[in-house]
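J.: Here is my input, please return the structure:
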Amino acid sequence: MHFKHPEILWFLFLLIIPILVHLFQLRRFKKELFTNVRFLKELSVQTRKSSKLKKYLLLATRLLLLAALIFAFAQPFFEAKDSKNATNEMYIVLDNSFSMQAKGQKGELMRRAVEDLLEHTPDNRSFSLVTNSETFWNTDIKSVRKDLQNLNYSPTAFSLESAMAKIKSRPSQTGRDIVIITDAVGLQASEAKSIGEANAYAIVPEAQQKNNVSADSVFVSQVLDNFYEIAVKLSAYGEDFGDVPIALYNREKLIAKTQLKFDAKAKTVNFTIPKDDFHGYVQISDNSLEYDNTLYFSISKPKKINVLAIGTSDKCAFLSRIYTPDEFIYAQFDLPSLDYNTIDKQDAIVLNELADIPQALQTTLKSFVEKGGNLVVIPSTETSLANLNNLLASWGNVKFNALRDGKKLVTKIAFGHPLYATVFEKKIDNFQYPEVKSSFAVNSGAAPVLAFDDQSAFLLALANPVSSVYVFTAPINKDNSNLQNSPLIVPTFYNMAATGGKTGISSITIGDDNPLVLDIALGRDEIVNIKGKSDAFIPVQQLLSGKVKLNFNGLPTVSGNYGVYKQTELQKEISFNYARTEGDLNSANPDVLAECKAVSSIDQVMDDMLSGRTDNELWKWFVILALLFLVLEILIQKFVK
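T.: Numbers count the residues shown, from 1 in each chain. Predicted structure coming up:
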């Protein structure tokens, strides 16, 4: 037992006062003479005994009464089991990612968590609140009530490691109590280490319905004379799905509607639409998450793509058959006759078997790629390796080594690469693969798009934020390769030029860091802004001689169809979608939080802290004892004779 004011215990010496009073204030008995004293003598004896007992009872009750009062003022207590954490700072980590839209027994998981916080967090309890999108430091439940009630779902996936990093960045003189509220969807095992030695509680609500259908992506699968055939990819998570309704809208107008039966984890549904501007969305209906039910996309009227081939006319002849006048503006120049001023006007450039690339051209090409142009490099058997490696060093760790003779078959295709994502309906094994007679040995960290049968690279794609650099590792002229006669030649070169942003579908994922380059001429003081129905913002922008590069930095916060405006003039229609990272509710990994104390509600957290960290104070019991002794003294005075 401990005392908050142990110095008051010195007053116990006052107990000697009632003892002295009882010792020195004894009454002397007077003798009276009677004729017959036999009976009175007995009565005198009994009265002496009763008086003596009463005095001792009163002395005891008064001593106990005074002692109880002294102990009460000294405030005795038994120390709490977890007293060392009594001064801890409290942090609440609330997952407001889209997976928390799932419904539990009492409604949406995040909304129920908010209600729990509002109902059971004491008004005088100070804490800090960390969500995926917002942070509130050193606040209380009254101050953040409206913010919690208006809290929206965040397109940012929940990261326990990120939340813990924010908390640990705050200086603290005491320990930390951390309450983590999450469904654990997407948590990685490595994140468990981020909790460290903090005193942590975990509230892991579970969705009742874990089946979910997600509209993942859309692309143009075929271009006809007057129509586009677009394909919508959908994913199903869970089992036993019924028919899923899917509808296609253009500017809020219903274009087509169908139902899809899920007999596989992934399905593709095709729609045919007029070959015109399209600014709409695909929408499905299911009984689970809502955020991934709508997929926005825009198709702009295609503009002709400028393609420049630098090389001899005989070696570039096959390109003119691919880059036809109906879709491309194709030009070919020998290196000596090249006008460098035309390079900035191109969307794609093919360096076709140049023996030497002048330094001036290298500098111009590097600037061209930075401004969003695609570059295709085809080496020559006479290529200067030092010259070529100097050019490629700007876009990655790629190094050409000596040319090696020997027949090789191109047998590996990266079907999932954007270059071929819309070319093949399924993986094939009996394709008529091309071959080469000689090729360069190449060291590169990039995964090949096309590879030989010995796993070495034939075609590399060096990703750039706003463009791509494609590098062949062998000459493809007819003397060295039969690629020009292969069915693979057309989609390969077509898509290498067409990915410049003038064709295809605009569907940007919110949170991606990839910038967007548009053909918009701006003056020095002019800017573009982006507007949608529910959101508008000004992106970070950089002028690139007749073009503008836009960086979105996580904006907008709401998915939808938007327009890029120069003042009030619409320049281009674009679409933004949430990342499809939260759709699989079966991927919950609560084992990451195994080191935390599992609780079911905030009320349980508060009760646990109260019971474990509150000292058991005894002063009230001593006050009650003092009152009891006081009543006992009164009863002794009244009834004991």
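J.: okay, CA-based contacts and neighbour counts for the rest of this
T.: Will do.
J.: Where does the prediction get shaky in the stretch 301-450 of the chain?
T.: For the stretch 301-450 of the chain, applying pLDDT under 70 flags the ranges 425-431.
J.: State the helix or strand in which residue 388 lies.
T.: Taking DSSP states H and E as the definition, residue 388 sits inside helix 385-392.
J.: And the strands in the stretch 351-500 of the chain?
T.: Taking DSSP state E, counting those that start in this stretch, the strands of the stretch 351-500 of the chain run over residues 374-378, 398-413, 435-444, 448-452, 457-463, 468-472.
J.: what does the stretch 101-250 of the chain give?
T.: Under DSSP E, counting those that start in this stretch, the stretch 101-250 of the chain gives strands at 103-104, 107-108, 127-131, 135-139, 176-181, 199-203, 212-223, 227-237, 243-250.
J.: Which other helices and strands does the third one contact?
T.: It refers to strand 127-131. Using 3 or more Cα pairs under 8 Å, 6 or more residues apart in numbering; DSSP states H and E as the contact test, the elements touching strand 127-131 are strand 89-94, strand 135-139.
J.: Not counting sequence-adjacent ones, nearest residue to residue 248?
T.: Spatially, and ignoring its direct neighbours in sequence, residue 248 is nearest to residue 282 (4.6 Å; Cα to Cα, 6 or more residues apart in numbering).
J.: which residues does that neighbour bridge with?
T.: Beta-bridge partners for residue 282, by DSSP bridges, are residue 248, residue 295.
J.: What residues of stretch 382-391 count as buried?
T.: For stretch 382-391, the neighbour count (16 or more other Cα atoms under 10 Å) marks 383-385, 388, 391 as buried.
J.: any idea which of those is closest to residue 548?
T.: Lowest distance from residue 548 to the buried residues of stretch 382-391 (Cα to Cα) belongs to residue 391, with 24.7 Å.
J.: ok, so what distance separates the closest residue to that closest one other than its chain neighbours from residue 397?
T.: Nearest non-adjacent residue to residue 391, counting by Cα to Cα, 6+ apart: residue 362, 6.0 Å away. Distance from residue 362 to residue 397, counting by Cα to Cα, to the nearest Å: 17 Å.
J.: Have a look at those two and say which one is more surrounded.
T.: Using other Cα atoms under 10 Å, the more surrounded residue of residue 362 and residue 397 is residue 362, with 17 against 13.
J.: what's the helix holding residue 388 packed up against?
T.: Counting by 3+ Cα pairs under 8 Å, 6+ apart, helix 385-392 packs on strand 398-413.
J.: what sits up against stretch 279-295?
T.: Applying Cα atoms under 8 Å, 6 or more residues apart in numbering, the set of residues contacting stretch 279-295 from outside is 98-99, 101-103, 209-217, 244-252, 296-299, 561, 573-574, 577-578, 580, 583.
J.: Tell me the spacing between the closest residue to residue 215 other than its chain neighbours and residue 63.
T.: With sequence-adjacent residues excluded and distances taken as Cα to Cα, 6+ apart, residue 215 is closest to residue 234, at 4.6 Å. To residue 63, residue 234 is 85 Å away according to Cα to Cα.
J.: In stretch 99-110, which residues are buried?
T.: For stretch 99-110, the neighbour count (16+ other Cα under 10 Å) marks 99-104, 108-110 as buried.
J.: now the helix or strand hosting residue 279, how far from the chain's geometric center?
T.: For residue 279, the host element (DSSP H and E) is strand 278-284. Between the centre of strand 278-284 and the centre of its chain there are 25 Å (Cα atoms, centre = their mean, to the nearest Å).
J.: how about the helices in the stretch 401-550 of the chain?
T.: Using DSSP state H, counting those that start in this stretch, the helices of the stretch 401-550 of the chain run over 489-498.
J.: what's the domain layout of the chain?
T.: 2-79+618-639, 84-206+588-614, 212-299, 305-498, 510-574 (automatic domain parsing).
J.: Out of those, which gets the lowest mean score?
T.: Lowest mean pLDDT of the domains of the chain: domain 2-79+618-639, a mean of 75.
J.: hmm, who's touching stretch 372-384?
T.: Applying Cα under 8 Å, 6+ apart, the external contacts of stretch 372-384 come out as 346-356, 369, 403, 466-476, 496-497, 499-500, 517.
J.: And stretch 531-538, by the same measure?
T.: Residues outside stretch 531-538 that contact it (Cα under 8 Å, 6+ apart): 528-530, 555-558, 560-565.
J.: Buried by neighbour count: which residues of it qualify?
T.: Of the residues in stretch 531-538, 531-532, 536, 538 count as buried by neighbour count, 16+ other Cα under 10 Å.
J.: Nearest to the spatial middle of the protein, which residue is it?
T.: The residue lying closest to the centre of the chain (Cα atoms, centre = their mean) is residue 157, at 1.9 Å.
J.: ok, that residue - contacts?
T.: Counted by Cα under 8 Å, 6+ apart, residue 157 has contacts 97-98, 132, 581-582.
J.: again, but for residue 188
T.: Contacts of residue 188 by Cα under 8 Å, 6+ apart are 589, 592.
J.: Repeat that for residue 414.
T.: Contacts of residue 414 by Cα under 8 Å, 6+ apart are 420, 448-450.
J.: Equivalent analysis for residue 574, please.
T.: By Cα under 8 Å, 6+ apart, the contact set of residue 574 is 279, 297-298, 506-508, 561-564.
J.: What's the separation between it and residue 516?
T.: The value you get for residue 574 to residue 516, if Cα to Cα is used, is 10 Å.
J.: okay, and the common contacts of those two?
T.: Among the neighbours of residue 574, none is also in contact with residue 516 (Cα under 8 Å, 6+ apart).
J.: coming back round to it: send over the strand holding residue 279 as CSV, restricted to the C-alpha atoms.
T.: Extracted C-alpha coordinates of strand 278-284, given in CSV (Å, rounded to 0.1, in the frame of the first residue of the first chain):
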residue,chain,number,x,y,z
PHE,A,278,-16.2,9.7,-76.2
HIS,A,279,-16.3,11.0,-72.6
GLY,A,280,-18.1,8.6,-70.3
TYR,A,281,-17.8,5.6,-68.1
VAL,A,282,-18.6,1.9,-67.6
GLN,A,283,-20.7,1.0,-64.6
ILE,A,284,-21.4,-2.4,-62.9
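J.: sorry, back to before: what is the most widely separated pair among the buried residues of stretch 99-110?
T.: Greatest spacing in the buried residues of stretch 99-110, by Cα to Cα: 99 and 104 (11.6 Å).
J.: picking that back up, what sits up against the helix holding residue 388?
T.: Here helix 385-392 has contacts from 356-357, 362, 366, 398-402, using Cα under 8 Å, 6+ apart.
J.: Scan these and report the most crowded one.
T.: residue 398 (21 neighbours).
J.: So that one sits against residue 444, correct?
T.: Yes - applying Cα atoms under 8 Å, one finds residue 398 in contact with residue 444, separated by 4.6 Å.
J.: Show me which of the buried residues of stretch 99-110 is closest to residue 303.
T.: Proximity of the buried residues of stretch 99-110 to residue 303 (Cα to Cα) peaks at residue 99, which lies at 39.5 Å.
J.: who's in contact with that closest one?
T.: Residues counted as contacts of residue 99 (Cα under 8 Å, 6+ apart) are 183, 185, 289, 582-583, 585.
J.: Please name the residues that touch the residue lying closest to residue 211 once chain neighbours are set aside.
T.: Take residue 211 and drop its neighbours on the chain: the residue closest to it by Cα to Cα, 6+ apart is residue 238, 4.5 Å away. Listed by Cα under 8 Å, 6+ apart, the contact partners of residue 238 are 210-212, 584, 586.
J.: sorry, back to before: I'd like a version of the contacts of residue 99 in TSV, one that adds distance to residue 196 and neighbour count as further columns.
T.: Converted to TSV, those look like this (distance: Cα to Cα, whole Å; neighbours: other Cα atoms under 10 Å):
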residue	distance to residue 196	neighbour count
183	20	27
185	21	25
289	33	25
582	26	24
583	29	28
585	27	24
